[in-house]
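In: Pasted the sequence and its predicted model underneath.
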Amino acid sequence: MPAVVVISGSPSRNSKTARVAEYVADRLAGAGLVTEHLRLRDLPPGPLLAADTSDPDIARAAECLADADGVVLATPTYKAAYSGLLKVFLDLLPQFGLSGKTVLPLATGGSLAHVLALDYGLRPVVQSLAPRHVIQSYFLLERDLQVDTDGGLSINADVEHVFGDIVEEFRHALTTALPRQRTA
């Protein structure tokens, strides 16, 4: 059974991006995949900025990523770019840190002016880490995301249908792919 790490790249405690990541993790878990939600904001900032992979929390996060078959990268967009927090984390990975993995890039933002941040900002960095496959990225407008009174996430029905198809494409790519080679 494939394992998926869902990474939230938002520094905010009340992040819609983190809620989108949790939504994806829950949906994949409901389809029988093992998921873990890694919130980068919870990592110690000093060791993260120093790329100190000997720090126990940083080492656990890197190991979680190394053990995953699939990776969901969820980021807010700031100034037409993906989050600096996500960039700092990706920078501490080894050269082929996504080798053999299927990746789903997701972003949230206030306007469609930021939509290209995924393909022109994040995708080249992801590709440089040598993933097996990168699923079509998806951008969610903040106006289509509502936080429920219980803290859950509601997505505009039209958007949820398309977004659900993207998540299903990711799940399908994971479950139909040949098992990746693990090194001893």
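Out: That came through fine.
In: So which residue is dead centre in the protein?
Out: Leu73 (1.6 Å; Cα atoms, centre = their mean).
In: mind listing what that residue touches?
Out: Listed by Cβ atoms under 8 Å, 6 or more residues apart in numbering, the contact set of Leu73 reads 7, 9, 86, 103-106, 122, 126. For glycine as for every other residue, the C-beta is placed from the backbone atoms N, C-alpha and C.
In: Please state the offset of the top helix by length along the chain from the chain centre?
Out: Longest helix in the chain, counting residues (DSSP state H): helix 157-176. Centre-to-centre, helix 157-176 and its host chain are 14 Å apart (Cα atoms, centre = their mean, to the nearest Å).
In: Please shift the residue numbers so they start at 21 in all later answers.
Out: That works, and once the first residue is 21, the last one we named lands at helix 177-196.
In: what packs against it?
Out: The contact analysis (3 or more Cβ pairs under 8 Å, 6 or more residues apart in numbering; DSSP states H and E) places helix 177-196 against helix 36-50, strand 90-98, strand 122-129, strand 158-161.
In: Output that helix as CSV, nothing but the C-alphas.
Out: Taking Å, rounded to 0.1, in the frame of the first residue of the first chain, the C-alpha atoms of helix 177-196 are listed here in CSV:
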residue,chain,number,x,y,z
ALA,A,177,-19.1,22.4,-5.2
ASP,A,178,-17.9,23.2,-8.8
VAL,A,179,-14.3,23.4,-7.6
GLU,A,180,-14.6,20.4,-5.4
HIS,A,181,-15.6,18.2,-8.3
VAL,A,182,-12.6,19.2,-10.4
PHE,A,183,-10.2,19.1,-7.4
GLY,A,184,-11.5,15.7,-6.5
ASP,A,185,-10.6,14.5,-10.0
ILE,A,186,-7.1,15.8,-9.5
VAL,A,187,-6.7,14.0,-6.2
GLU,A,188,-8.1,10.9,-7.8
GLU,A,189,-5.6,11.2,-10.6
PHE,A,190,-2.8,11.3,-8.0
ARG,A,191,-4.2,8.3,-6.2
HIS,A,192,-4.5,6.4,-9.4
ALA,A,193,-0.9,7.2,-10.4
LEU,A,194,0.3,5.9,-7.0
THR,A,195,-1.7,2.7,-7.0
THR,A,196,-1.0,1.7,-10.6
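In: Quick check: the gap between the residue lying closest to Asp87 once chain neighbours are set aside and Lys121.
Out: Distances taken as Cβ to Cβ, 6 or more residues apart in numbering place Ala23 nearest to Asp87, at 6.2 Å, with adjacent residues excluded. Ala23 sits 10 Å away from Lys121, taking Cβ to Cβ, to the nearest Å as the criterion.
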